[in-house]
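K.L.:
Quick one, what's the 3D model for this:
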Amino acid sequence: MLNKLFAALADVFDADLPIEVHAREALLTAVPDAAEVECAGKEPVGLPESILKVMAAEDAHAVCGLIAQAPLQWTPPQTSSDPLYVEHSVAKAHVELLGPSGLVPSDSVRLGLYGMLPNAEYGVRTHPAEEIYIMLAGKVDWKRGHNPYLSHVCGDRSYHPSMLAHANRTGDSAFMSVYVWYGDLSVDGYKYAGLPET
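P.N.:
Residues are numbered from 1 along each chain as shown. The predicted structure follows:
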């Protein structure tokens, strides 16, 4: 099951940006390993209904069907132990598929799925790795640097060079995305500053 998901996600990274090329290559290389993964032998944890709803919408990316069926353990991300970060992570659903903590180990990328409930906010953060999110379903606003929030829907990308401050928030809609970190994959340099002032 996961091998099919990895192959389908490789097709999502279809731009010529170097970070997307690396993500695509890492996913395709990992397809045979993904076929052997049993999600670490743990019971799956399902997605919240509001996220499943946007993933089933007509305008959602086709890969959402595979994501919804995959026996994954959806939990809030654990990039930081900062209490404010933990508090602001309750409304998030995340699984690292490929990476240092992934279902399939990798030291070349950190790649996963990330969704968020409606009317939630993930504050300003920076990290050494460059990063890109590709929206798969729903709607989310992204803030990059000092720029205002911009709305993103299925197919849109939010690219964050190394150490660029960025934040995101939802309105009435949940969202689902795929992301990749490339470069310095360590979380040691990750900094969370909380909600932006504007």
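K.L.:
before we move on, which element is residue 32 in?
P.N.:
Assigned by DSSP states H and E, residue 32 falls within helix 18-36.
K.L.:
Who are the packing partners of that helix?
P.N.:
helix 2-12, strand 92-99, strand 104-105, strand 109-116, strand 130-144, strand 175-182 (3 or more C-beta pairs under 8 Å, 6 or more residues apart in numbering; DSSP states H and E). Any C-beta I mention is one placed from the backbone N, CA and C, and that applies to glycine too.
K.L.:
what's the fourth one in contact with?
P.N.:
Right, strand 109-116. For strand 109-116, the external contacting residues (C-beta atoms under 8 Å, 6 or more residues apart in numbering) are 9, 22-23, 26-27, 47, 51, 67, 72, 77, 91-102, 122, 129, 133, 138, 140, 168, 170, 174-182, 185.
K.L.:
Which of these are buried? Put it as a ChimeraX command.
P.N.:
Selection of buried members from the contacts of strand 109-116 for ChimeraX, criterion 16 or more other C-beta atoms under 10 Å:
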select :9,22,23,26,27,47,51,67,72,77,91,92,93,94,95,96,97,98,99,102,122,129,133,138,140,168,170,174,175,176,177,178,179,180,181,182,185
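K.L.:
rewinding a little: mean pLDDT and distance to residue 55 for the helices and strands packed on helix 18-36 - can I get that in TSV?
P.N.:
Below are the helices and strands packed on helix 18-36 laid out as TSV (pLDDT from 0 to 100; distance: least, C-beta to C-beta, whole Å):
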stretch	mean pLDDT	distance to residue 55
helix 2-12	96	13
strand 92-99	97	11
strand 104-105	96	22
strand 109-116	98	8
strand 130-144	98	4
strand 175-182	98	5
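K.L.:
Reformat those as JSON lines; add distance to residue 43.
P.N.:
JSON lines is the format used below for those (distance: least, C-beta to C-beta, whole Å):
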{"stretch": "helix 2-12", "distance to residue 43": "16"}
{"stretch": "strand 92-99", "distance to residue 43": "14"}
{"stretch": "strand 104-105", "distance to residue 43": "19"}
{"stretch": "strand 109-116", "distance to residue 43": "18"}
{"stretch": "strand 130-144", "distance to residue 43": "24"}
{"stretch": "strand 175-182", "distance to residue 43": "21"}
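K.L.:
Looking at the ones you listed, which is nearest to residue 62?
P.N.:
Each of those has some distance to residue 62 by C-beta to C-beta; the shortest is helix 2-12, at 7.7 Å.
K.L.:
Give the buried residues for the closest one.
P.N.:
In helix 2-12, counting by 16+ other C-beta under 10 Å, buried: 2-3, 5-10, 12.
K.L.:
and what of stretch 62-81?
P.N.:
Buried residues in stretch 62-81 (16+ other C-beta under 10 Å): 63-64, 66-68, 70, 72, 74, 77, 79-80.
K.L.:
what's the most distant pair in those residues?
P.N.:
Checking those with C-beta to C-beta, the most distant pair is 66 and 80, at 29.3 Å.
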